[in-house]
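J.: Would you be able to build a 3D model of this:
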Amino acid sequence: MHLKNRLFWIAAFIVVILDQVTKNQVVSAAKSWQLETIIESKTGNIIYRPTLPLIQGIFHFTYVKNDGAAWSILSGHIDLLRFLSFAVSLVLIAVACFGPALYFWDQLGYGLILGGAMGNGIDRFILSYVVDFLDFRLINFPVFNVADSFISIGIVCLLISSFQKTEASSRRSP
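T.: Model (predicted):
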């Protein structure tokens, strides 16, 4: 049996595994990390969260329970976010199964996005929040996770693919 869009499936599988393994490791390890005090910007509440400085003031592992999407958008709307994760995953699976054979960058991009959507979706369905832990403090970026990273990389792959297709079609034009 020939598996169509093989890179798509491999990329998605690897991302889900990497994402879930890293999140499980962080949740286990965070129990021994120092607690830092944060004043939540939306509510003004004081919260304590585990953090492990890898490069002090630049890059930390910081355990955060995110009940929203990127930058905590739609925070508290877990049912909507569950639906969106599930819907995006189904659409991408349908494209890979029932659509044409995809180009390299399309397979890689869609596969990385599927893996990220499924990794965060698993968290949303099981935990009702997403585990975030990658904390780049030097640029004051929101805490994120491996799934988020691969979704972003997948988008870059699709941009590369679109530029390659544009160049190929412009060469055919008179």
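J.: what about the longest helix in this structure?
T.: With residue count as the measure and DSSP state H as the assignment, the chain has helix 146-172 as its longest helix.
J.: which SSE is residue 80 in?
T.: Secondary structure assigned from DSSP states H and E places residue 80 in helix 78-98.
J.: List the buried residues of the helix or strand just after that helix.
T.: Of the helices and strands lying after helix 78-98 in sequence (DSSP H and E), the nearest is helix 104-127. Of the residues in helix 104-127, those scored as buried under the neighbour-count criterion (16 or more other CB atoms under 10 Å) are 105-124. Heads up, the C-betas are built off the backbone N, CA and C, glycines and all.
J.: How about residue 6, nearest residue that isn't a chain neighbour?
T.: For residue 6, ignoring the flanking residues on the chain, the nearest one in space by CB to CB, 6 or more residues apart in numbering is residue 107 at 7.7 Å.
J.: Wait, that neighbour touches residue 4, no?
T.: No - if you go by CB atoms under 8 Å, residue 107 and residue 4 don't touch, sitting 9.6 Å apart.
J.: contacting residues around the closest residue to residue 151 other than its chain neighbours?
T.: For residue 151, ignoring the flanking residues on the chain, the nearest one in space by CB to CB, 6+ apart is residue 116 at 3.6 Å. By CB atoms under 8 Å, 6 or more residues apart in numbering, the residues touching residue 116 are 15, 19, 147-151, 154.
J.: any idea how far residue 23 is from residue 116?
T.: For residue 116, the distance to residue 23 equals 12 Å [CB to CB, to the nearest Å].
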